[in-house]
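Student: Test case, fold it:
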Amino acid sequence: MFYKKVDALPSSQASWTVEVLEAVGDILGEDSCQKKEKVELWKRDPVECVRELMGNPAFRDSIRYAPEHQYADEEGTQRIYGNMWTANWWWEVQGHLPAGATVTPVILASDKTTLSRMSGDKSAWPVYLTIGNIDKAHRRKPSAHATVLLGYLPVAKLECFSEKRRALEGYRLFHLCMRKLLEPLITAGKDGVLMTCPDGKVRRVYPILAAYIADHPEQCLVAACKENHCPKCLVPPDKRGEPVFSCLRDPTRITDVLKKSADREKPSEFVEWGLRAVHPFWADLPHSNIFSALTPDILHQLHKGVFKDHLVSWTTKAIDGGADEIDRRFKAMLKHSDLRHFKNGISLVSQWTGTEYKNMEKVFLGVVAGAADERVTRAVRAVLDFIYLAHFETHTDDSLKSLHETWRDFHTYKTVFVDLEIREHFNFPKGHSMEHYELSIRSLGTADGYSTEHPERLHIDFAKLAYGASNKQSTYIQQMTRWLERQEAVHRFSCYLAWAVTDTDERNSASSPDHEPQPDPPPHDCLQPSSQGTPCQSAGPSSALPAYPSLTVAQVEADFGAVHFKTAVADHLQRLMSGNSRLLSLVSTRLHDLTRISAYKQAKVRLPVIRQVSATAPIDIIHASPSRTGPHHLRSMIPAHMSTVLARDPGHTAPHHPFDVMRPLAGLRVARVRVIFNLPTMYDARALGARGPLAYVEWFTPFQVLDNVTGMYIVSPSTRRRQRYASVIPLSDIIRTCHLIPCWGRQIERRVVVGDVLDNHTSKFFVNPYLRHHDFILLRLLSNT
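Tutor: Okay, here's the model as predicted:
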């Protein structure tokens, strides 16, 4: 009865159909006839899928119907590239269509995935579809349902073919299925289709294949070329490691060569370009260039490929002590809440994911610094800078220039690995792929909109869960499609109910006599740091109630290590007086060991919205908790957790000094937070003008030493009269947390005590620019310009 009710709900116009294909092999069976194998192609109409996305009212505020030129400056010299409508492809295609035409850039993604757990060989090959009209920040959220499942390609063993032909026939089957899957786009892309859009207008929409998201093997499958060739350009396989620009493959020329090969001609380009003898599915798609449509794959090309599989391996061999030395440095790394601590090093990590790659990248330059040849360090720096720049959610002409320069720097310093006899050449596909990032971003928008992590996440909803709802027998794909239809019907009905309830509430509210129209909220504008803004919003305690409501000053000095607490508070009170003798009586009482104060474990600071990083403001946590006894059954001590931060130096800047994009670190200094506390009640905070909690911090030296090899600032604990320089500052003067990496030199000391390294007055530290993308912009992109 329940399923009958669900099946009675309105269903999608893009219904599921199945087409059975028969492969006739070259192996004879027991009956002396050629063996055959039947496969099923489950598909939906891509035009109807586009119609549903273009007409979904939930996307009303996040959809565009025409390309735009956006600029970062009033003169219009700095172009901004972000969503697809800000890039060049849309403008070029728009120029080939009739006036008033609405382009719908179709974005496809495909990735084969395993369904069986522990045992079995069940697999699925989903093909996903979304459109570039929808804001990338919206469409990459699985909960937004802005990406739909277009079909399941057959995962066939093709045992009816000999091993010699099986791989080629697999290529041909893929292209045949994709051709059948996308066939409706041919007519729609040429003539357009009338569609109702979320704003209520009816437009003639031209759905055109614009982008295809896939990893390298699948890119080669799509491009109909061998995997030792670049799927995008015609660079020879033995030249992929050189910084040379090659022309993109031309679909017309490629198709002509494939046709000649099918007619039993032997064009020399067929072998030279590494082609496969297939009929490509993209040959008849209008206004589409499949080779420019292949998008950057940051996860597999950069994080896993260039960084983990290659750079880490080469660098480990280039360091004295090899993997053991690398492990010791990772173990001794200072902790941070935004950083995974590899307590056992990295050589014993058995399962790597994108999270592990990214956490290694955050500290890898500091790990390598001083331990290897200077050129090795510079090569590592170039790769990390390229990865962080490639992650930007918006680019300008200047940032793309920086991306190109880091790519060039890597090729300048990579020869060190040849000199050290670690590498003989650099002809591997993922390294060559870095060449295409700048052009792809200018054409299709930033790479974050085309991450392969998104379709891999969608596998959970459209493959794993659907398979779990089946009986896992031979008809599991059919059952999966039926389950997905019901899920979509329930979701559609839920959205309708939510809309109906909201609409009713709004009408009732509008008819109320007490109702007054509210002004529209200000437009959301994601600004990069500028001279008009500040590098953060004021920090505040994460809880209204102090975690330590009644500490004595003696406890603060002993447990928190705030050895100069009384002196620092007295100095802060003197600054609050500002020479006003009338306030002298308010601060004349000195602290003593039994004075009671309240303190907090942590505080929060909201980082600024930076368009290159995120459209939302992330929260940064400042920790200030002492060491304490752990659970009784563990019989261990939990170490102190005290953040290092960037704070305004009271000796150099006013409390609300404006942020200068040309001097982003002006007036800032690294400090270690020992205590976050309220001014003792014995002082009249309001009369003194003290607002909010205070922080006892220990300072590091100013930003004066910049290491030319790593590009990182070097600081060390600051002292005054041979004592650690400490002071009390308003909590609002803390800008953000930061991460320090010890300067270990050629070889790390075997006996390292992580908890005490920040207290060593002779220690030097790198200020880590790779902790977060926010830090990269502040400490690398802006500070080094």
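
Student: where do the strands sit along the stretch 651-785 of the chain?
Tutor: Using DSSP state E, counting those that start in this stretch, the strands of the stretch 651-785 of the chain run over residues 668-677, 694-699, 705-706, 713-715, 719-720, 723-724, 726-730, 734-738, 740-742, 765-767.

Student: Out of these, the one nearest Glu325 is which?
Tutor: Closest of the strands of the stretch 651-785 of the chain to Glu325 is strand 740-742, at 14.0 Å (criterion: CB to CB). Yep, even glycine has a C-beta here, placed from its N, CA and C like the rest.

Student: Could I get the buried residue list for the closest one?
Tutor: Neighbour counts using 16 or more other CB atoms under 10 Å place 740-742 of strand 740-742 among the buried residues.

Student: Next, format the residues you listed as CSV and append pLDDT and distance to His336.
Tutor: Compiled in CSV, the buried residues of strand 740-742 are given as follows (pLDDT from 0 to 100; distance: CB to CB, whole Å):
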residue, pLDDT, distance to His336
Leu740, 96, 9
Ile741, 95, 10
Pro742, 93, 13
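
Student: Closest one of those residues to Ala283?
Tutor: Ile741 (52.6 Å).

Student: What residues are bridge-paired with that closest one?
Tutor: Beta bridges link Ile741 to Phe766, judged by DSSP bridges.

Student: How many neighbouring residues does the closest residue to Pro429 other than its chain neighbours have?
Tutor: Of all residues not flanking Pro429 in the chain, His216 sits nearest, at 5.5 Å (CB to CB, 6 or more residues apart in numbering). His216 has 18 neighbours, counted by other CB atoms under 10 Å.

Student: Kindly provide the distance from His216 to Lys136.
Tutor: 22 Å (CB to CB, to the nearest Å).

Student: that older thread, what is the nearest of the buried residues of strand 740-742 to Tyr388?
Tutor: Within the buried residues of strand 740-742, proximity to Tyr388 (CB to CB) peaks at Ile741, which comes in at 16.1 Å.

Student: pretty sure the closest one contacts Lys335?
Tutor: No. Counting by CB atoms under 8 Å, Ile741 sits too far from Lys335 to count as a contact (11.5 Å).

Student: Backbone dihedrals for the residue nearest to the spatial centre of the chain, please?
Tutor: Geometric centre of the chain, nearest residue: His391, 5.8 Å, by CA atoms, centre = their mean. The phi/psi pair for His391 (degrees, to the nearest 10) reads phi -80, psi -10.

Student: Quick one, grab the pLDDT at it.
Tutor: Among the per-residue scores, His391 holds a pLDDT of 95.

Student: so who does it touch?
Tutor: 298, 447-448, 773 (CB atoms under 8 Å, 6 or more residues apart in numbering).

Student: swap in Tyr171?
Tutor: Counting by CB under 8 Å, 6+ apart, the residues that Tyr171 touches are 221, 224, 276, 278.

Student: The last one: what secondary structure?
Tutor: Per DSSP: H, G, I helix; E, B strand; the rest coil, the local secondary structure of Val278 is coil.

Student: Identify the residues contacting it.
Tutor: Val278 makes contact with 168, 171-172, 175, 224, 258, according to CB under 8 Å, 6+ apart.

Student: Need the buried ones from those residues selected in ChimeraX.
Tutor: Filtering these down to the buried ones (16+ other CB under 10 Å) takes a single ChimeraX command:
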select :171,172,175,224,258
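
Student: re earlier: wait, which of the contacts of Tyr171 is closest to Ala690?
Tutor: Of all the contacts of Tyr171, Ala690 sits closest to Leu221, with 66.0 Å by CB to CB.

Student: A strand includes that closest one, no?
Tutor: No. Counting by three-state DSSP, Leu221 is not part of a strand but helix.

Student: Would you check that it makes contact with Phe174?
Tutor: Yes. At 5.9 Å, Leu221 and Phe174 qualify as touching, with contact defined as CB under 8 Å.

Student: residues in contact with Thr355?
Tutor: Counting by CB under 8 Å, 6+ apart, Thr355 touches Arg340.

Student: Where does it sit, in terms of helix or strand?
Tutor: Using DSSP states H and E, Thr355 sits in helix 354-368.

Student: can you give me the angle whatever helix or strand comes next after that helix makes with helix 354-368?
Tutor: Of the helices and strands lying after helix 354-368 in sequence (DSSP H and E), the nearest is helix 374-390. Using axes from the mean of the first three to the mean of the last three CA atoms, to 10 degrees, one finds that helix 374-390 and helix 354-368 are set 150 degrees apart in direction.

Student: Give me the helices and strands touching helix 374-390, please.
Tutor: Helix 374-390 sits against helix 313-318, helix 354-368, helix 397-413, helix 415-419, with contacts defined as 3 or more CB pairs under 8 Å, 6 or more residues apart in numbering; DSSP states H and E.
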